[in-house]
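Colleague: Please find the sequence and the predicted model below.
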Amino acid sequence: MATADANPSVQEIELGAEASFTDLPYPVEIGRDDYFLVRDKTGAYHLLSAICPHSWGQIVRWDNCFMCPDHGWRFELSEGICVNGPRAQMYRFEVTVREGQLYAAIPDDRTTWA
Ligand code: FES
């Protein structure tokens, strides 16, 4: 996995060949952090952080959704929108496709995650 620095505050992470991600959502580990590679309704790829936007619990795949066991928030699988609680969404990062490879853009500073 290669890392480039186009913007000093955003890391561009090479995830691998698009063809290798056949079964979405696909769990992705970057450093010590867990994510899920997903596609939204338009077909665009995104990386959803497994860190819960409520109080930083660890989100897991659970049946037909993502779920945070700390307080039970559940999120749908394509955009990480909360389906059983307040208006919330999993932290989501852009993924681009270049020459058949997927690249995720993740800000270094977690306080900027929204
Ligand atoms: S920390 Fe995830 S639901 Fe509260």
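Modeller: Perfect, thanks for sending it. Numbers count the residues shown, from 1 in each chain.
Colleague: List the buried residues of stretch 100-111.
Modeller: Within stretch 100-111, the residues that qualify as buried by neighbour count (16 or more other C-beta atoms under 10 Å) are 102, 103, 104, 106. C-beta: built from backbone N, CA, C; applies to glycine.
Colleague: Closest one of those to the ligand?
Modeller: Nearest to the ligand out of the buried residues of stretch 100-111 is residue 106 (C-beta to the nearest ligand atom; 19.9 Å).
Colleague: and the closest one, what element?
Modeller: With the criterion set as DSSP states H and E, the secondary-structure element containing residue 106 is strand 101-107.
Colleague: separation between residue 35 and the ligand?
Modeller: In this view, residue 35 and the ligand are 16 Å apart by C-beta to the nearest ligand atom, to the nearest Å.
Colleague: Local confidence estimate at that residue?
Modeller: Here the pLDDT value assigned to residue 35 is 97.
Colleague: ok, it - contacts?
Modeller: Taking C-beta atoms under 8 Å, 6 or more residues apart in numbering as the contact definition, residue 35 lies against 27, 28, 29, 47, 48, 49, 50, 93, 104.
Colleague: re earlier: starting from the strand holding residue 106, tell me which strands it pairs with and how they run.
Modeller: For strand 101-107, the paired strands and their directions (DSSP bridges) are strand 10-17 (antiparallel), strand 92-98 (antiparallel).
Colleague: pLDDT of it, averaged?
Modeller: Strand 101-107 shows an average pLDDT of 95 in the prediction.
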